[in-house]
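# This is a predicted model, with the sequence first.
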Amino acid sequence: MSGMPRAPRPSRGPVAIASSPWIVVLAGVVVMVVLVFVALGAYRGRSPAPDDGAVPPVVPLPQVTDPAAAPTPSRSSAALLPGLSPRATGSPPSTPASRPPSAGPPATRPPTRAPEPPAVGGRYRVVQSWDSGFIGEVLIVNATRESRDWTARLDYAGGRLVTSWVEGVPQGTARPGDGSFTYTSGVDVPAGGSVALRFEWQRASTTPRECTVDGVRCSGL
C-alpha cells in the first residue's frame, strides 16, 4: 500500500466559492462601492471650483401645500410686480400751495440833494452888439453869507479886448491875452450881493468858448 502513488487532491477553491454564493455577492458589492467612489472623485475633479470661496446656491425643494388651506386673494389687493408700487385708490392728499417768499419793505434810497449853487457864480449875456464888436457882461453873484473876492476868465476864438470895467465899485485888474482875458476883483462882492463885469470885444463871436468865475462855468451860454 505504501508503494502505490497517491492520487492528487482536487483544489478546494472553486468548490468553496461554488458552495458559498454570498462571497460572490459580497465581492460584487465591494467592487460597486469602489467604482462609485472612483466616479465621484472623477466628477469632483472636473467640476470648476467656486470663485473666491463662494458657496453655490441651494435650490429650495418644492413644497406641497394644501390648496384648500391657501388664502384666497381679495379683490381689493392687487398683485405687486417687482419695481412697481401699489396704486393708491383714494384721492391724493392735498398739499398746501407754496407761498412766494414775502418781499421785505422796499429799500429806501436817501433823498437826492439838489446840487448846491457855487459860492460865487457868474451869468453871461450880451448887452449890445454891432458889426465890428459887442459889449458883454458877466454878472457876479455871491450866494454865501460873507463877502468874497472873485476872478473871471473869458476866452474867445480870436478878436481883441478893447476895455473892461465893473459897474459901481472900485476897479480890479484885467490881464488880456491872445483871444482871452482874466479879470480879478478890486473889492469883494458883498454877501448875497452881485456886481456886473462888463467888457468890449472886437472882431469875435458874441459867444465865448469859455466863461468861468472862480473855476465854475458861467450860466446863460
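Structure received.

# From here on, just use CA atoms for contacts and neighbour counts.
Noted.

# Which residue ranges of the protein form helices?
Ranges of helices in the chain, per DSSP state H, are 13-19, 21-46.

# Go through those helices and find the least confident stretch.
Ranked by mean pLDDT, the helices of the chain bottom out at helix 13-19, with a mean of 55.

# Contact partners for the nearest residue to Cys211 once chain neighbours are set aside?
In space, and not counting its chain neighbours, Cys211 is closest to Leu154: 4.6 Å by Cα to Cα, 6 or more residues apart in numbering. The contact partners of Leu154, taken as Cα atoms under 8 Å, 6 or more residues apart in numbering, are Ser180, Phe181, Thr182, Pro208, Arg209, Glu210, Cys211, Thr212.

# cutoff 7 Å now
Under the criterion of Cα atoms under 7 Å, 6 or more residues apart in numbering, the contact list for Leu154 reads Ser180, Phe181, Thr182, Pro208, Glu210, Cys211, Thr212.

# beta partners for the first one?
Translated: Ser180. Here Ser180 sits in beta bridges with Asp155, as judged by DSSP bridges.

# And it, how far from Trp150?
Distance, Ser180 to Trp150, using Cα to Cα, to the nearest Å: 17 Å.

# what does the fourth one give?
Distance, Pro208 to Trp150, using Cα to Cα: 19 Å.

# Compare those two (neighbour count), which wins?
Trp150 (21 against 17; other Cα atoms under 10 Å).

# What does the more buried one show for phi and psi?
phi -160, psi 160 (degrees, to the nearest 10).

# Go ahead and confirm Pro170 touches Gly186.
Yes: using Cα atoms under 7 Å, Pro170 makes contact with Gly186 at a distance of 5.9 Å.

# So between the two, which is more surrounded?
Shown here are Pro170 and Gly186; by other Cα under 10 Å, Gly186 has more neighbours (15 against 11).

# Contacts only, for that one.
Residues in contact with Gly186 (Cα under 7 Å, 6+ apart) are Pro170, Gln171, Gly172, Thr173.

# With respect to Val25, which of those is nearest?
Closest to Val25 out of the contacts of Gly186 is Thr173 (156.3 Å), distances taken as Cα to Cα.

# ok, how many other residues are close to the closest one?
As a burial measure, Thr173 scores 13 neighbours (other Cα under 10 Å).

# Look up the residues forming beta bridges with it.
Thr184.

# if I look at it, how far off is Ser164?
9 Å.

# One more: Ala174?
7 Å.

# could you point out where this structure is predicted with low confidence?
Per-residue confidence for the chain (pLDDT under 70) gives these ranges: 1-20, 43-107, 114-117.

# go again using 90 as the cut-off
Along the chain, the model assigns pLDDT under 90 to residues 1-119, 157-158, 167-169, 177-179, 221.

# And for Leu26, the neighbour number?
A count of nearby residues for Leu26, using other Cα under 10 Å, gives 11.
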